[in-house]
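S.K.: Pasting the sequence and the predicted model now:
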Amino acid sequence: MLEIYTIYGGGMWKTALDAVVTLVGQNTFHTLMRIAGTFGGLAVLFTFIKQRNPMVFVQWLAIFMVITSILLVPKRSVQVIDLSDPAAVWKTDNVPVGLAAIASLTTSIGYKMSSTYDMLMARPDSVTYSKTGMLFGSKIVAETSDFSTQNPQLAQMLPDYVENCVIGDILLNGKYTINQLLNSTDPLTLITSNPSPLRGIFKMTSTTRQFLTCQQAAAEIKALATTDVNPGSATFTWLTRKVFGNKLNGTALLSNAMGESYGYFLLRRHDSCADHEEQHH
């Protein structure tokens with residue numbers, strides 16, 4: 001059995017291979033092969049009449065035999081190994097050996113090379129070449145750093161809180177700076193730890209309009225945000241589908257990938273900043 005490695009889309013590979021097997025097995029395909037052989041034979045005959053070289057028959061016969069007897073007629077079973085979903089089994093029988101061998105050879109070489117690279121670099125699974133692809137880890141960080149909450153109450157309160165409470169704490173009270181906020185590893189805790197008891201925002205619902213001080217709003221926003229990032233929330237479910245589609249284990253995969261990716265890239269960022277400061281002192 002030949003193996004094809006892919007970092008995503010094992011089901012799509014399976015569907016494509018099944019389509020090839022169905023096409024090759026149909027009478028229409030055999031008819032097309034006979035038509036192609038007939039026209040090829042006529043073309044060779046005209047070439048012989050023009051050149052008077054009997055080797056054109058040998059060359060045509062060799063090419064025809066390679067295509068039919070070696071690439072199309074022999075069949076092999078193929079298993080698609082989806083590295084992002086190792087538990088899934090994608091197997092297709094009777095795949096033409098020409099297609100199966102080329103796909104298996106190219107993907108196997110890439111997988112072995114990336115595995116060797118990852119072994120030497122010793123990085124987390126979510127940022128390795130062989131497990132999830134070159135940019136998967138950075139994609140996770142990017143997707144989870146810039147997304148819209150699916151909680152309408154949090155979506156309404158947070159922008160108002162930033163405008164009326166956070167900006168005031170920075171410009172009026174000097175509790176923290178913009179640079180500290182941008183470089184904080186936990187910005188939510190920073191902006192909700194010591195808010196103003198005087199300024200406030202309006203909490204809007206479909207029927208009411210309630211004034212909350214920044215302290216009161218901070219407590220509600222922190223509670224809503226904590227719920228929002230938990231697996232099973234509307235936002236987490238939406239983000240899981242955005243990254244992993246409809247995989248049954250997408251929630252667990254995203255939780256694990258976020259932890260590994262953030263840990264890796266934030267550590268690299270910290271080291272890079274430290275090196276940058278050392279170079280300028």
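M.R.: Looks like it came in fine. Treat the numbers as computed from the prediction; the structure is a model and nothing was measured.

S.K.: Can you show me the strands along the stretch 1-150 of the chain?
M.R.: 2-6, 75-82, 90-96 (DSSP state E, counting those that start in this stretch).

S.K.: which regions of the stretch 101-250 of the chain sit below the pLDDT cut-off?
M.R.: Applying pLDDT under 70 to the stretch 101-250 of the chain picks out residues 114-148, 239-240, 242-250.

S.K.: for it, what spans make up the helices?
M.R.: Ranges of helices in the stretch 101-250 of the chain, per DSSP state H, counting those that start in this stretch, are 129-132, 136-145, 152-161, 167-171, 178-182, 187-192, 214-228, 234-244, 250-279.

S.K.: follow-up on the earlier one: I'd like the strands of the stretch 1-150 of the chain as JSON lines, with mean pLDDT, distance to residue 158 and mean neighbour count appended.
M.R.: Yep, even glycine has a C-beta here, placed from its N, CA and C like the rest. Shown next, in JSON lines, are the strands of the stretch 1-150 of the chain (pLDDT from 0 to 100; distance: least, Cβ to Cβ, whole Å; neighbours: other Cβ atoms under 10 Å):
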{"stretch": "strand 2-6", "mean pLDDT": "88", "distance to residue 158": "39", "mean neighbour count": "20"}
{"stretch": "strand 75-82", "mean pLDDT": "88", "distance to residue 158": "37", "mean neighbour count": "19"}
{"stretch": "strand 90-96", "mean pLDDT": "89", "distance to residue 158": "43", "mean neighbour count": "18"}
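
S.K.: Out of those, which gets nearest to residue 231?
M.R.: Smallest distance to residue 231 across the strands of the stretch 1-150 of the chain (Cβ to Cβ): 22.2 Å, for strand 75-82.

S.K.: Each with direction, which strands does that closest one pair with?
M.R.: strand 2-6 (parallel), strand 90-96 (antiparallel) (DSSP bridges).

S.K.: ok, now which ones touch residue 235?
M.R.: For residue 235, the set of contacting residues under the criterion of Cβ atoms under 8 Å, 6 or more residues apart in numbering consists of 147, 149, 150, 151, 228, 229.

S.K.: Could you report the separation of it from residue 166?
M.R.: Residue 235 sits at a distance of 21 Å from residue 166 (criterion: Cβ to Cβ, to the nearest Å).

S.K.: related to what we said a few turns ago, can you redo the strands paired with strand 75-82 as a markdown table with distance to residue 188?
M.R.: As requested, those are arranged in a markdown table below (distance: least, Cβ to Cβ, whole Å):
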| stretch | distance to residue 188 |
| --- | --- |
| strand 2-6 | 37 |
| strand 90-96 | 41 |
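
S.K.: closest to residue 67 out of those strands?
M.R.: When the strands paired with strand 75-82 are compared for distance to residue 67 using Cβ to Cβ, the nearest one is strand 90-96, at 10.3 Å.

S.K.: Need the residues that contact that closest one.
M.R.: Among residues not part of strand 90-96, those counted as contacts by Cβ under 8 Å, 6+ apart are 1-2, 10-11, 13-14, 17-18, 20-21, 24-25, 71-82.

S.K.: switch to 7 Å and redo it
M.R.: Contacts of strand 90-96 from elsewhere in the structure, counted by Cβ atoms under 7 Å, 6 or more residues apart in numbering, are 10-11, 13-14, 17-18, 20-21, 24, 71-72, 75-80, 82.

S.K.: and if you look at stretch 223-232?
M.R.: When contacts are taken as Cβ under 7 Å, 6+ apart, the neighbours of stretch 223-232 outside the stretch itself are 149, 151, 153, 154, 188, 233, 235, 236, 251, 255.

S.K.: Write a ChimeraX command that selects only the buried members of these.
M.R.: Once 16 or more other Cβ atoms under 10 Å is used to decide burial, the buried members of the contacts of stretch 223-232 can be selected in ChimeraX as follows:
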select :149,151,154,233,235,236,251
